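> What follows is a predicted protein model with its sequence.
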Amino acid sequence: MQRRTFLSITFNAFIIPVILGLVAGSNSLMGNTSHLDFISIDIASHFTTLITQPLLSLYIAWQVASYRKITPLIKIRKQKDVIQIMLLRLILAESLCYFIIFYSMFLFSGIRWFMDGNAILGIAIMLLHMVVICGLNMALIVLLDYKYRTSIIFSILILPMLYHYIIEIQSLLIMYSPVFDPLYRAIHEIYR
């Protein structure tokens, strides 16, 4: 009986990340029809950074915070490490599920991957983005013990935006291809 309950909990936990991945992928595909390079569509889609990834982080924070009520009972039974490992696995699986659905939308849509730049650097940008988001979502596990939950949630919602707008757009995208450098586009009169 417990096995069946655990399976229903994990199945229900993956519904929100799948929906968020579908919404983010479809919005990115519908929003950019002028240029068909995957990396430029992925990074230029601010909807994922501003809406779906924070919603995923808030959903994960809600899941972790729901265990906070029973933390004293977990500590008495000395099961804190077991619960944290189970939560970390669930958080990692939900985050990876979001990215798998999001990237598979591009894979099956006919978008050309790495048309403008180096494929190795493009894969590195994708993986770095996944690692940053998954790592920040996994950092939400401190909500079980930390007293100032609001500051943790606020910082984990802001850090992906700072990463996206400062690191990805201003340096990684330009390293991927000079076409995305505003000065290069102005000199060569490339308007997209």
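Structure's in. What do you need?

> pLDDT of the longest helix seen in the chain, averaged?
The helix that spans the most residues within the chain, counting by DSSP state H, is helix 80-107. The average pLDDT within helix 80-107 is 87.

> And stretch 13-20, by the same measure?
Mean predicted confidence for stretch 13-20 is 85.

> Where does the prediction get shaky in the protein?
The chain contains residues with pLDDT under 70 at 1-11, 31-36, 185, 188, 190-192.

> Spatially central, which residue of it would that be?
With distances taken as CA atoms, centre = their mean, Ile133 lies nearest the centre of the chain, 4.4 Å away.

> Tell me which residues of stretch 55-68 come out buried.
Within stretch 55-68, the residues scored as buried using 16 or more other CB atoms under 10 Å are Leu55, Leu56, Ser57, Tyr59, Ile60, Ala61, Gln63, Val64, Tyr67. Any C-beta I mention is one placed from the backbone N, CA and C, and that applies to glycine too.

> Helix or strand for the first one, just tell me which one.
Taking DSSP states H and E as the criterion, Leu55 maps to helix 53-66.

> Tell me the gap between that helix and the middle of its chain.
The chain centroid and the centroid of helix 53-66 are separated by 12 Å under CA atoms, centre = their mean, to the nearest Å.

> Could you list every helix and strand that it packs against?
helix 15-31, helix 80-107, helix 119-138, helix 149-162 (3 or more CB pairs under 8 Å, 6 or more residues apart in numbering; DSSP states H and E).

> Tell me the helices and strands packed up against the following helix or strand past that helix.
Counting by DSSP H and E, the next helix or strand C-terminal to helix 53-66 is helix 71-76. Applying 3+ CB pairs under 8 Å, 6+ apart, we find helix 71-76 packed against helix 80-107.

> What is the helix it packs on packed up against?
helix 2-13, helix 15-31, helix 38-44, helix 53-66, helix 71-76, helix 119-138.
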